[in-house]
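Sequence plus the predicted model coming up.
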Amino acid sequence: MSSLAKTVPLELLGRIDKLAQSTQPAMSLDDEEKATLTAKIKRLLKEKNAQMIAHYYVSDDLQALAEETGGKVADSLEMANFGAQSDADMLVVCGVRFMGETAKMLSPEKTVLMPDLNATCSLDESCPPKAFAEFCAQYPDHKVVVYANTSVEVKALADWVVTSGNALEIVTHLKEQGEKIIWAPDRHLGHWIEKETGVEMIRWQGHCIVHDEFQTYGLMELAKEHPDAKIIVHPESPAEVVDLADVVGSTRVMIEAVQNLPDQKFIVATDYGIFYKMQQLAPEKQLIVAPTGGKAGSCISCAHCPWMAMNGLQNLADCLENETGEIVIEESIRLKALQSVERMLTFSREKGLVKTNP
């Protein structure tokens, strides 16, 4: 059985819940307003030699716009890789703050903007740098492996950064090297990696407020209603939910499953923002949102990240026009964090886990 680092303090979990509940989603727009803003954003992107990088969990409007303008819609691994290889002068990251930090870390010469710098991540918030540094100091003979969903300060403490798309391969590599591992911050992803690789890790006990809400009761009831549906689950979900899945994997793995499997119906346990790309690639498939409530479930996220929802056309246009929302990182921290991120990207490129930009 693995060692658990520590439970996230209740006061910290309470602060994360309050942060989530206090978020302001991007404003709702009618079709005319969307068209006006879209035209403006396209013009500004061209004028400033800027590219959009958007995550699968942001709105359909932003994903479509990124693709139309030569940007990128991807998981966090491909986002980081694309930004590092881009020849744009400016990157506009539509996602959450750690994604913007990673883009800046890899491209310090570029201006990196975000529509809203307050768009954080519950995994990031559940792993404070000071507390994590104190914990790591207790295990000086361990390699520190942190999930990409962490601050640049936490990445600066790490030996390796991983994403859900490359974590299994990197942890297996470390196992083959005989390394002992500290894992942070997502407890569920860490448990899944342990189960898949046979590695015992000391796990920090953070979690994603979206995936942590998926529950077995509701999922099993939904599966009874749709017995012909394949269940696909992101490994940030609780272990008992993962155990019910036909496919477990990163956002890219989940999208490829919907696209390539012959089944016509899928119950999807991740942020429903991913449905845009899934339906784009497999328009004939039926997608069903996995339930986030059980018999006594409480929904904080309702299968959509409240911080991803802060990205919108209006604040995207504003940040481009005024060059606000700029990511700034202290150089000494950037250089420390860069080592662990570059190690991840080099490994992933060598293993063919990310593509070279055309």
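In hand now; what should we look at?

which stretches of the stretch 201-350 of the chain aren't confidently modelled?
Counting by pLDDT under 70, the stretch 201-350 of the chain has low-confidence residues at 293-302.

just the helices in it please.
Here the stretch 201-350 of the chain has its helices, by DSSP state H, counting those that start in this stretch, at 216-225, 239-242, 251-260, 275-281, 313-322, 331-350.

what's around the nearest residue to Leu320 once chain neighbours are set aside, how many residues?
Leaving aside its sequence neighbours, Leu320 sits nearest to Leu44 (Cβ to Cβ, 6 or more residues apart in numbering; 4.2 Å). Yep, even glycine has a C-beta here, placed from its N, CA and C like the rest. Using other Cβ atoms under 10 Å, Leu44 has 18 neighbouring residues.

same thing with Glu33?
Neighbours of Glu33 using other Cβ under 10 Å come to 13.

separation between it and Leu261?
Using Cβ to Cβ, to the nearest Å, one gets 38 Å for the distance from Glu33 to Leu261.

What of Val241?
19 Å.

now do Asp75
Distance from Asp75 to Leu261, counting by Cβ to Cβ: 19 Å.

which ones are touching Leu168?
By Cβ atoms under 8 Å, 6 or more residues apart in numbering, Leu168 lies in contact with Ile193, Glu196, Thr197.

In a markdown table: these, plus pLDDT and neighbour count.
As requested, the contacts of Leu168 are exported to a markdown table (pLDDT from 0 to 100; neighbours: other Cβ atoms under 10 Å):
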| residue | pLDDT | neighbour count |
| --- | --- | --- |
| Ile193 | 97 | 27 |
| Glu196 | 96 | 14 |
| Thr197 | 96 | 19 |
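
Which single one of those residues is nearest to His207?
Among the contacts of Leu168, Ile193 lies closest to His207 (Cβ to Cβ), at 14.6 Å.

re earlier: so for Val241 and Leu261, which sits in the more crowded spot?
Val241 (26 against 15).

mind listing the strands in this structure by residue range?
Here the chain has its strands, by DSSP state E, at 3-7, 50-55, 72-74, 90-94, 111-113, 142-147, 160-162, 180-184, 201-205, 230-233, 247-248, 265-269, 286-289.

Residues contacting stretch 23-36, please?
37, 59, 61, 115, 118, 306-307, 309-315.

Report the buried members of the residues you listed.
Neighbour-count burial (16 or more other Cβ atoms under 10 Å) applied to the contacts of stretch 23-36 gives 37, 59, 61, 115, 306-307, 309-315.

got those as TSV, with distance to Gly206 columns?
Formatted as TSV, the buried ones among the contacts of stretch 23-36 follow (distance: Cβ to Cβ, whole Å):
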residue	distance to Gly206
Leu37	35
Ser59	26
Asp61	30
Pro115	25
Pro306	17
Trp307	15
Ala309	21
Met310	21
Asn311	22
Gly312	27
Leu313	31
Gln314	32
Asn315	27
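
just those residues now: which is nearest Val162?
Trp307 (21.0 Å).

Would you check that the closest one makes contact with Asp124?
No: in this structure Trp307 lies outside contact range of Asp124 using Cβ atoms under 8 Å: 9.4 Å.

Need the overlap of contacts for the two.
In contact with both Trp307 and Asp124: Val96, using Cβ under 8 Å, 6+ apart.

Thought Asp124 was touching Phe98, still the case?
Yes: between Phe98 and Asp124 there is a contact under Cβ under 8 Å: 5.3 Å.

where do the contact lists of the two overlap?
Asn149, Thr150, Ser151.

Right, I'll call it a day here.
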